[in-house]
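S.K.: Please find the sequence and the predicted model below.
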Amino acid sequence: MDGRERDVDLIERLKEALSGPLADWRGLYESFSPLDLATGERRPRVPESTDGSRRAAVLVPVLPADDGARIVYTLRTGELRDHAGQISFPGGSIDPEDDSPLDTALREAEEEIDLSPDLVEVVGELEEMYIPPSNFLVSPFVGLLCKGADLVLAPEEVEAIFSVSLEELMSPGSLKKVVWEREGRPHEVPVFAVGGHEIWGATAAITAGLLARLGWEPEDATGA
């Protein structure tokens with residue numbers, strides 16, 4: 001199979017995977033919420049009511065490559081108001097002038113990593129993700145990038161851009177559980193430990209939502 005055939009195959013796989021809802025997506029999303037080891041509680045990934053939530057959208061960029069498709073991530077700078085210093089997808093709050101959540105995701109991707117909408121084929125949407133600490137309800141869109149898309153970070157928002165292959169993300173042992181101190185209590189946190197990074201929280205849950213649609217089944221995560 002040559003490169004063009006691989007790209008067409010990837011497009012069709014993604015479109016088919018995103019053509020309908022994911023079974024038990026709520027359970028999958030919530031399994032990536034930090035577990036308070038003192039109380040046994042997790043923060044919800046679906047709000048009790050959407051009326052007071054802040055709306056946002058992100059683009060999950062998938063980059064075709066000779067060694068297999070890769071997901072593109074950003075590392076946010078430490079000076080941002082929300083989720084500073086965290087690994088995320090390009091995205092942000094929905095502005096009044098945005099025509100739709102998809103417009104928001106594409107606009108933010110262009111602002112953060114200089115990704116022109118003309119270089120993105122949007123192939124589907126994942127289930128909305130609720131982020132309790134910031135009260136964001138996020139719409140994630142999956143976009144296939146043109147091969148060789150030249151991404152340039154906006155230094156006021158993004159500290160680094162990196163990508164991880166689907167193969168590495170879906171490989172046994174990539175998902176681990178670590179214990180972090182949060183709000184003075186220990187929390188067990190599922191992370192994708194890949195490419196020298198630890199991807200956790202909403203970004204990890206959204207990643208898992210896409211991987212599960214492509215046939216990935218999370219095994220019991222190992223301790224770090």
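M.R.: Done, it's in.

S.K.: Asp99 belongs to a helix?
M.R.: No: read with DSSP: H, G, I helix; E, B strand; the rest coil, Asp99 is coil and lies in no helix.

S.K.: what's the neighbour count on Arg107?
M.R.: Arg107 has 21 neighbours, counted by other C-beta atoms under 10 Å. The way it works is simple: take the backbone N, C-alpha and C, and place the C-beta from them, glycine included.

S.K.: Return the alpha-carbon coordinates of the helix or strand containing it using CSV.
M.R.: Taking DSSP states H and E as the definition, Arg107 sits inside helix 101-113. Provided in CSV are the C-alpha atoms of helix 101-113 (Å, rounded to 0.1, in the frame of the first residue of the first chain):
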residue,chain,number,x,y,z
PRO,A,101,-18.1,25.1,18.0
LEU,A,102,-16.3,23.8,14.9
ASP,A,103,-15.5,27.3,13.9
THR,A,104,-14.0,27.9,17.3
ALA,A,105,-11.9,24.7,17.2
LEU,A,106,-10.5,25.7,13.7
ARG,A,107,-9.9,29.3,14.7
GLU,A,108,-8.1,28.4,17.9
ALA,A,109,-5.9,25.9,16.0
GLU,A,110,-4.9,28.6,13.5
GLU,A,111,-4.1,31.0,16.4
GLU,A,112,-2.2,28.5,18.5
ILE,A,113,-0.3,26.4,16.0
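
S.K.: for that helix, the distance to its chain's centre please.
M.R.: Distance, stretch centre to chain centre, for helix 101-113: 14 Å (C-alpha atoms, centre = their mean, to the nearest Å).

S.K.: What is that helix packed up against?
M.R.: Packing partners of helix 101-113 (3 or more C-beta pairs under 8 Å, 6 or more residues apart in numbering; DSSP states H and E): strand 54-63, strand 70-76, strand 91-93, strand 120-125, strand 136-145, strand 158-165.

S.K.: In JSON lines, list those along with mean neighbour count.
M.R.: Shown next, in JSON lines, are those (neighbours: other C-beta atoms under 10 Å):
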{"stretch": "strand 54-63", "mean neighbour count": "23"}
{"stretch": "strand 70-76", "mean neighbour count": "22"}
{"stretch": "strand 91-93", "mean neighbour count": "21"}
{"stretch": "strand 120-125", "mean neighbour count": "18"}
{"stretch": "strand 136-145", "mean neighbour count": "23"}
{"stretch": "strand 158-165", "mean neighbour count": "17"}
